[in-house]
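Visitor: with the input below, show me the fold.
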Amino acid sequence: AILVSAITKEGTNKESVELVWTGPDTTLVPSRDTRQVIEQVIGSAKKSLFLVSYVLYRVDGVLDSLAEAISRGIEVSVLLESPESSGGNVSQDGLSELKRAVPQAKLYVWNPSDRKVRASVHAKCVLADDTLAFITSANLTSAALDRNMELGVLFHSGPTPKTLKAHLNALVSTRIVTLWE
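Guide: Presented below is the predicted three-dimensional model:
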């Protein structure tokens, strides 16, 4: 992987950033696979995980990792786009798939009736605690994790994971996103 280290404005809280690539490999530049990084982030969690994706479809390995995280006592939260049958924008019902595979996970939606015009949950990230944040173009689908050309950044420590955690928690506490039932 390509690794870039940076020191934050405070000068004490180091953050390293790693580029993550899935797709054609040139062999000229080393890279890490999106699935591999998602599994790393899930496996590194000590207290909490928060995943955000437009869609979830056919990601058995990721679902197994989430179930294993639950068994370790990790609080798992997932925000997905609502299916069309519930007023959302995706034909695939990833929420039901996730509920079957990991029933203890907290599943969140952005209520379609609260949105302006025709907006979607299009963000994609995986956050472990407030120390490891993966922000990616990849949805939680087998195509995105294994075949598509996808790009992401993995933040180790520093302010980015902390800021992302604060933002996701604020979306929940202000009820912009709500538990899916």
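Visitor: isn't residue 150 right next to residue 22, touching?
Guide: Yes - under the criterion of C-beta atoms under 8 Å, residue 150 makes contact with residue 22 at 4.4 Å. No exception for glycine: its C-beta is placed from N, CA and C like everyone else's.
Visitor: who touches both of these two?
Guide: Listed contacts common to residue 150 and residue 22 are 34, 138, 144; contacts here mean C-beta atoms under 8 Å, 6 or more residues apart in numbering.
Visitor: and those residues, which is closest to residue 91?
Guide: Ranked by distance to residue 91 (C-beta to C-beta), the shared contacts of residue 150 and residue 22 are led by residue 144 at 16.0 Å.
Visitor: show me what contacts the closest one?
Guide: By C-beta under 8 Å, 6+ apart, the residues touching residue 144 are 22, 34, 137, 138, 150.
Visitor: where does it land on pLDDT?
Guide: Residue 144 is assigned 94 on the pLDDT scale.
Visitor: what does the one 4 residues further on give?
Guide: Residue 148 carries a pLDDT value of 93.
Visitor: residue boundaries of the strands in this protein?
Guide: Along the chain, counting by DSSP state E, strands occupy 2-7, 14-22, 48-53, 56-57, 75-80, 106-109, 125-128, 132-136, 140-141, 150-156, 178-179.
Visitor: return the list of strands paired to the last one, each annotated with direction.
Guide: According to DSSP bridges, the neighbouring strands of strand 178-179, each with its direction, are strand 106-109 (antiparallel).
Visitor: now do the strand it pairs with, average pLDDT.
Guide: 97.
Visitor: restricting to C-alpha, output that strand in CSV.
Guide: Extracted as CSV, the C-alpha positions of strand 106-109 are listed here (Å, rounded to 0.1, in the frame of the first residue of the first chain):
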residue,chain,number,x,y,z
LYS,A,106,-28.1,-1.7,15.1
LEU,A,107,-29.4,-0.9,11.7
TYR,A,108,-30.0,2.7,10.7
VAL,A,109,-31.8,4.5,7.8
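Visitor: can you list the buried residues in that strand?
Guide: 107, 108, 109 (16 or more other C-beta atoms under 10 Å).
Visitor: so how far is residue 53 from the first one?
Guide: Yep, that's residue 107 we're talking about. 12 Å (C-beta to C-beta, to the nearest Å).
Visitor: what touches both of these two?
Guide: With C-beta under 8 Å, 6+ apart, residue 107 and residue 53 have common neighbours 78, 80.
Visitor: so where do the helices sit in the chain?
Guide: 34-44, 60-71, 94-101, 142-146, 159-173 (DSSP state H).
Visitor: give the contact list for residue 35.
Guide: For residue 35, the contact set (C-beta under 8 Å, 6+ apart) comprises 22, 61, 62, 145, 146.
Visitor: looking at these, which is nearest residue 118?
Guide: Nearest to residue 118 among the contacts of residue 35, with distances taken as C-beta to C-beta, is residue 145, at 26.8 Å.
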